[in-house]
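Visitor: Based on what follows, work out the 3D shape:
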Amino acid sequence: MMRHPNNRTLGEICDDVGGIIRTGPFGSQLHQSDYKEDGLPVIMPKDIIDGKVETESIARIGEEDELRLKEHKLKKGDIVFARRGDLGRCALIRERENGWLCGTGSLRVSLGDTVVDPIYLIYYFNHTDIISWIKNRAIGATLPNLNTSIIRDIPISYPSLPVQRKIADVLSAYDDLIEVNTRRIRILEQMAQSVYREWFGAETLHATSVRGKSLPEGWETGIIRDICESYSYGYTAKARTEQVGPKYLRITDIVPDYIDWENVPYCEIEEQDVDKYLRKEGDIVVARTGATTGYAKRLGKRHPKSIFASYLVRFRTNKEFSHFLLGLIVEGSEYKQFIKINLGGAAQPMANAQVLTSYPLVIPPKELQDQFDEQVQPLINLKELLQMKNAKLRRTRDLLLPRLVSGEVRVEGL
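Guide: Prediction:
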């Protein structure tokens, strides 16, 4: 745990400044039927991602409910926690979210800025030590959750306000760089998708969309299995933190936008088995079980020596089909939806290799695929390079945080 001469609980600071630590409205106060297409945004746990509030699927309420629940309105500088689900997630309320509602399943912390700076505090809460502290004290065996008592007991270690703000400035500089790279990544993804759709049409490569239509000369229909040199299940082993063998790629590693190879564990494997499970550039791995069944990643060239785990299926295209093209297809929403519809398993969703490779597609001529690769390969390679840079920036920021808070690294001269 991070230590500094100023050490108090969050509840003590809250009482000192006359702050607020309060859960959002209960389900009896705010029902699913109360949500509107337009109106005041309501921040739920699902909207709290990477320390920010995402609005893609945010719920909203009308004026009548806004007035009725006004005590749950958030203000700039507040911090909102997810109190169930993936615990430890929290977001700082900035100017955009000022006046939005703390939703059901969320919890509001409002302390002002006279003792602890809100930006310093959000970095503090997002440190792994504090996240672990919160998770270890959550209640409920089936669905762990937080309450105000747990949040009030969080130990807060903090220097003087000027030092807090300098720490926040230093760490924010990393996040600013990450945000710039993230915007560039999104642009590159949009460019690759635009090339894909411009060349092949929005749904042309999904064979069900061309039933009854004539194809251009040289085009064929098939399924993923037809264009694979091989497809196979992964290796069964125990993940290890110590370097006992190659990296061991799992479902949890491929679900995020970028595979952070620094955090991928290792595993022991017999030397004679390595070649069978060793990944190569252009391989595609797909989750075959759990809630993320159908999530896929194309593996680029900037990856360490690694093998793939048993709950993944690997596709390796033959020389007649572009792995860049197949990567764009299986990483898209249409493929995920197809797998979701064809899942087996009642309690635990599951798809075998036959299902995962049965997605119907249209196969363009090899010459056209080669021309397509020339267009998208530089975009995809640059995107992967920027993702790798962001991972390094996050690691540096997270390593720096406890050293700044403890005073081990002094900020006065920075």
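Visitor: Contact partners for Val40?
Guide: Quick fix: residue 40 reads Leu, not Val. Neighbour list for Leu40: 60-63, 66, 99-101 [criterion: Cβ atoms under 8 Å, 6 or more residues apart in numbering]. All C-beta spots, glycine's among them, are computed from the backbone N, C-alpha and C.
Visitor: ok, and the most crowded of those residues?
Guide: Most neighbours among the contacts of Leu40, by other Cβ atoms under 10 Å: Leu101, with 29 neighbours.
Visitor: Tell me which residues touch that one, please.
Guide: 24-25, 40-43, 61, 66, 69, 72-74.
Visitor: how about 6 Å then?
Guide: The neighbourhood of Leu101, defined by Cβ atoms under 6 Å, 6 or more residues apart in numbering, consists of 40, 42, 72-73.
Visitor: Take these and keep only those in strands.
Guide: Assigned to strands by DSSP state E, the following of the contacts of Leu101 qualify: 40, 42.
Visitor: and the contacts of Leu101 as a markdown table, adding pLDDT and distance to Ile339?
Guide: Shown next, in a markdown table, are the contacts of Leu101 (pLDDT from 0 to 100; distance: Cβ to Cβ, whole Å):
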| residue | pLDDT | distance to Ile339 |
| --- | --- | --- |
| Leu40 | 95 | 36 |
| Val42 | 95 | 31 |
| His72 | 95 | 39 |
| Lys73 | 96 | 41 |
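Visitor: Just give me the closest of the contacts of Leu101 to Trp219.
Guide: If you rank the contacts of Leu101 by distance to Trp219 using Cβ to Cβ, Val42 comes first, at 47.9 Å.
Visitor: any idea how far Arg302 is from that closest one?
Guide: Distance of Val42 to Arg302, given as Cβ to Cβ, to the nearest Å: 40 Å.
Visitor: what bits of the stretch 301-414 of the chain have low per-residue confidence?
Guide: Applying pLDDT under 70 to the stretch 301-414 of the chain picks out residues 345-347, 412-414.
Visitor: Taking the centroid of this structure, which residue is nearest it?
Guide: Compute the mean C-alpha point of the chain, and by Cα atoms, centre = their mean the closest residue is Pro256, 4.3 Å away.
Visitor: now that residue: how far from Tyr295?
Guide: Distance, Pro256 to Tyr295, by Cβ to Cβ: 10 Å.
Visitor: do the same with Leu401
Guide: Leu401 is 30 Å from Tyr295, by Cβ to Cβ.
Visitor: Same question for Glu262.
Guide: 21 Å.
Visitor: Next up, the contacts around Pro45.
Guide: Pro45 is in contact with 82, 85, 105, counting by Cβ under 6 Å, 6+ apart.
Visitor: can you pull out the helices in the stretch 251-400 of the chain?
Guide: Applying DSSP state H, counting those that start in this stretch to the stretch 251-400 of the chain gives helices spanning 251-254, 271-277, 323-330, 333-341, 353-356, 366-406.
Visitor: Glu189: how many residues sit nearby?
Guide: For Glu189, using other Cβ under 10 Å, the count is 16.
Visitor: What sits closest to it if chain neighbours are left out?
Guide: Closest residue to Glu189 apart from its sequence neighbours, by Cβ to Cβ, 6 or more residues apart in numbering: Lys383 at 6.4 Å.
Visitor: quick one: Ser33 from Lys70, how far?
Guide: From Ser33 to Lys70 the distance is 20 Å (Cβ to Cβ).
Visitor: Compare the two (neighbour count), which wins?
Guide: Lys70 (10 against 6).
Visitor: Let me know how buried Glu281 is, in neighbour terms.
Guide: Residues near Glu281, counting by other Cβ under 10 Å, number 11.
Visitor: Show the model's pLDDT score for it.
Guide: For Glu281, the pLDDT comes out at 92.
Visitor: my read: it touches His303, true?
Guide: No: contact criterion Cβ atoms under 6 Å: Glu281 and His303 do not qualify, at 7.8 Å.
Visitor: quick revisit: give me the more crowded residue out of Val42 and Arg302.
Guide: It is Val42, of Val42 and Arg302, that has more neighbours when counted by other Cβ under 10 Å, with 25 against 13.
Visitor: For the more buried one, which non-adjacent residue is spatially closest?
Guide: Closest to Val42 by Cβ to Cβ, 6+ apart is Gly103, at 4.1 Å.
Visitor: and Ser157, what element?
Guide: strand 155-158 (DSSP states H and E).
Visitor: what packs against the helix or strand just after that strand?
Guide: Going down the chain from strand 155-158, the next helix or strand is helix 161-200, by DSSP H and E. Packing partners of helix 161-200 (3 or more Cβ pairs under 6 Å, 6 or more residues apart in numbering; DSSP states H and E): helix 118-125, helix 366-406.
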